[in-house]
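J.: sequence first, then the predicted structure, then my questions.
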There are 2 protein chains.
Amino acid sequence: MKPALAAEHAPVASSAVHATLRAEILDGRLEGGAPLRQGEIAQRFGVSKIPVREALRQLESEGLVAFRPRRGAIVREISDTEVLELFDVRLALECRALALAVPQMIEQDLRLARDIHAEYAAETDRARWSALNLRFHHALLEPCANGTLLALLADVEERMGAAIRLRVTRVSGLERPLREHSAILDACAAGDGVAAVERLHAHIDTTRKEFVAHRRRSSTSPLEPGLPGPGGRRA
Amino acid sequence: MKPALAAEHAPVASSAVHATLRAEILDGRLEGGAPLRQGEIAQRFGVSKIPVREALRQLESEGLVAFRPRRGAIVREISDTEVLELFDVRLALECRALALAVPQMIEQDLRLARDIHAEYAAETDRARWSALNLRFHHALLEPCANGTLLALLADVEERMGAAIRLRVTRVSGLERPLREHSAILDACAAGDGVAAVERLHAHIDTTRKEFVAHRRRSSTSPLEPGLPGPGGRRA
DNA sequence: CCCTGCAGAAACGTATACGATTCACAAGGG
DNA sequence: CCCTTGTGAATCGTATACGTTTCTGCAGGG
């Protein structure tokens, strides 16, 4: 066993900072445009600025934070335009994943999806709907056995996350998604991959339309663009 | 104008390190598994370890570098399994992008694609084939007007990059891709999005099969997995 | 009254420094 | 001969320190 001395240094301080900030941004606790002052964060976590900067750089690559030269980092604004673009990415990835998943499904996979579906139907707390929704989708896609695809999809969902969770679930209610989920589930159970993908496609498209509708009503500005881009690549 | 003293400090040293290392990894100059010693890199760029670490963290988030606690960073191995998974991601994203792009194409877009196609057909230097291939694909997809999707696609291609460039182009030669590109181009010109996507799907699938075939012949080991995962998220 | 210009303060970006851990390799025992 | 064990070197991860740039608030002029 280890000497247990030398203070309780976690292996890497930057990881903790990264995880915490990530969660706070995705939860919406840190709003878009909020400045992320390094000294402040360092003090809060009881570390120096180096691990903080490392964490911020990682968040930058993930599209959650934007660096302005000599002016520090801010929580990246996700514009409505970008959310719409992400809807298309999600559409592409989920449909492909489902196409791969359907032939791989075993009874256990379907049972899990049905269980989540039932839990979803019974849930009255709106705040939990979106989490259950995500779990349902993942349960259907997981058999695709393509970890890279699923990881990318998870990233996309997280990036959309805060922007849509609070909006869409209130508009769409419970009935419409449940009905569409049920239809997708049936197609999967029948082993009809083509129909399942078709229905998933329509399902995501409807969600996107509801997002657009909500934005059209609640927002006054038509379509303001956001900050540069996520990954700082591409000159 | 600026005082011109205090040394020629570029705005951010970490960006330069990041860009250079990125290029070297993608070009294959740094092979998979190669250790990235911070002090060494710092000395080479004439900076300290802090900007180096920031650059490495970003590369980690991009899936190009893996950190092992207390043991530093290495160039991430891209396993053949992961390349196959990335083929599926690319398939999904490209097909969706093309579906969006076809209705948006104007004559100029088609002309650009045809020009690249012609240049491709005339090129005899194998080393340039893959770059021209990429340019052709991008020319077709660019009209989709979804910057997020295109950026993600570029990332995926870069991640596959070094692993397939040298292999596939040698196997597939020039004729097969040219024929398929031509077919895709015709469908786009005819405004037939469905046919174009169908042909693109087949095209990418064939490329994947050629990769598999090449691997089957040249590699002795069946399917060795690589290192953990790219983004350090997801417990 | 609003715009311009300048100290002082705050914050950024990086270099240097240092404890802690891991690696390399030789010496000793089975 | 091979495996274990211990010591020195190399490397990592982070704290501290420092020059430089940007922001803030106030004085002065149009």
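T.: Here it is on my side, so go on. On a predicted model such as this, the values are computed, not experimentally measured, just so you know. Numbers count the residues shown, from 1 in each chain, chains lettered A, B, ... in the order given.

J.: quick one: contacts for the residue of chain A found nearest DNA strand C?
T.: Going by Cβ to the nearest atom of the strand, DNA strand C is nearest to residue A:72 of chain A, at 3.1 Å. For the C-beta atoms, the positions are set from N, CA and C on the backbone; glycine is no exception. Residues in contact with residue A:72 (Cβ atoms under 8 Å, 6 or more residues apart in numbering or on different chains) are A:35-38.

J.: look up how far residue A:202 lies from it.
T.: The gap separating residue A:72 from residue A:202 is 44 Å, by Cβ to Cβ, to the nearest Å.

J.: likewise residue A:73?
T.: To residue A:202, residue A:73 is 39 Å away according to Cβ to Cβ.

J.: then residue A:96?
T.: As defined by Cβ to Cβ, residue A:96 lies at a distance of 16 Å from residue A:202.

J.: before we move on, what about residue A:192?
T.: Counting by Cβ to Cβ, the separation of residue A:192 from residue A:202 is 15 Å.

J.: got the phi and psi for the closest residue to residue A:153 other than its chain neighbours?
T.: Nearest residue to residue A:153 in three dimensions, chain neighbours excluded: residue A:93, at 4.7 Å (Cβ to Cβ, 6 or more residues apart in numbering or on different chains). As for residue A:93, its main-chain torsions (degrees, to the nearest 10) stand at phi -70, psi -40.

J.: okay, residue A:93: pLDDT?
T.: On the pLDDT scale, residue A:93 is placed at 98.

J.: tell me where the model's unsure across chain A.
T.: Counting by pLDDT under 70, chain A shows low-confidence ranges at A:1-11, A:166, A:219-235.

J.: tally of neighbours for the residue nearest to residue A:153?
T.: 26 (other Cβ atoms under 10 Å in any protein chain shown).

J.: which residues touch the spatially most central residue of chain A?
T.: For chain A, the residue nearest the mean C-alpha position is residue A:158 (1.8 Å; Cα atoms, centre = their mean). Applying Cβ under 8 Å, 6+ apart, we find residue A:158 in contact with residue A:26.

J.: got the buried residues for the one helix or strand it maps to?
T.: Using DSSP states H and E, residue A:158 sits within helix A:147-172. Buried positions in helix A:147-172, judged by neighbour count with 16 or more other Cβ atoms under 10 Å in any protein chain shown: A:148-165, A:167-169, A:172.

J.: cool, stretch A:33-50 as well?
T.: A:36, A:38, A:41-42, A:45, A:47, A:50.

J.: contact partners for the spatially closest residue to residue A:78 that is not a sequence neighbour?
T.: Spatially, and ignoring its direct neighbours in sequence, residue A:78 is nearest to residue A:163 (5.0 Å; Cβ to Cβ, 6+ apart). By Cβ under 8 Å, 6+ apart, the contact list for residue A:163 reads A:78, A:80, A:83.

J.: let's see that with 10 Å instead.
T.: Shown in contact with residue A:163 (Cβ atoms under 10 Å, 6 or more residues apart in numbering or on different chains): A:28, A:32, A:77-80, A:82-83, A:86, A:211, A:215.

J.: follow-up on the earlier one: quick check: the farthest pair among the contacts of residue A:72?
T.: A:35 and A:38 (10.0 Å; Cβ to Cβ).

J.: mutual contacts of those two, please.
T.: With contacts taken as Cβ under 10 Å, 6+ apart, residue A:35 and residue A:38 have A:72-73 as neighbours in common.

J.: would you map the strands across chain A?
T.: Applying DSSP state E to chain A gives strands spanning A:35-36, A:65-68, A:72-75.

J.: right, and residue A:58 touches residue A:12 too?
T.: No: between residue A:58 and residue A:12 there is no contact under Cβ atoms under 10 Å: 11.5 Å.

J.: residue A:45 and residue A:55: what is the separation?
T.: Where residue A:55 is concerned, residue A:45 sits at a distance of 9 Å (Cβ to Cβ).

J.: what's the overlap in contacts for these two?
T.: Listed as contacting both residue A:45 and residue A:55 by Cβ under 10 Å, 6+ apart are A:13-14, A:16-17, A:20-21.

J.: where along chain A do the helices fall?
T.: Assignment of helices within chain A using DSSP state H yields the ranges A:13-27, A:38-45, A:49-61, A:80-101, A:107-122, A:126-141, A:147-172, A:175-189, A:193-218.

J.: list the buried ones in the last one?
T.: The neighbour-count check on helix A:193-218 (16+ other Cβ under 10 Å) flags A:193, A:195-197, A:199-201, A:203-204, A:207-208, A:210-211, A:214-215 as buried.

J.: now it: how far from the chain's centre is it?
T.: 16 Å (Cα atoms, centre = their mean, to the nearest Å).

J.: helices or strands up against it?
T.: helix A:80-101, helix A:126-141, helix A:147-172, helix A:175-189 (3 or more Cβ pairs under 10 Å, 6 or more residues apart in numbering or on different chains; DSSP states H and E).

J.: what sits against residue A:58?
T.: Applying Cβ under 10 Å, 6+ apart to residue A:58 gives the contacts A:14-15, A:17-18, A:21-22, A:64-65, B:54, B:57-58, B:60-62, B:231-233.

J.: and the contacts of residue A:72 as CSV, adding distance to chain B?
T.: Formatted as CSV, the contacts of residue A:72 follow (distance: Cβ to the nearest Cβ, whole Å):
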residue, distance to chain B
A:35, 18
A:36, 15
A:37, 17
A:38, 12
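
J.: wait, which of those is closest to residue B:139?
T.: Closest approach to residue B:139 among the contacts of residue A:72 (Cβ to Cβ): residue A:36, at 38.3 Å.
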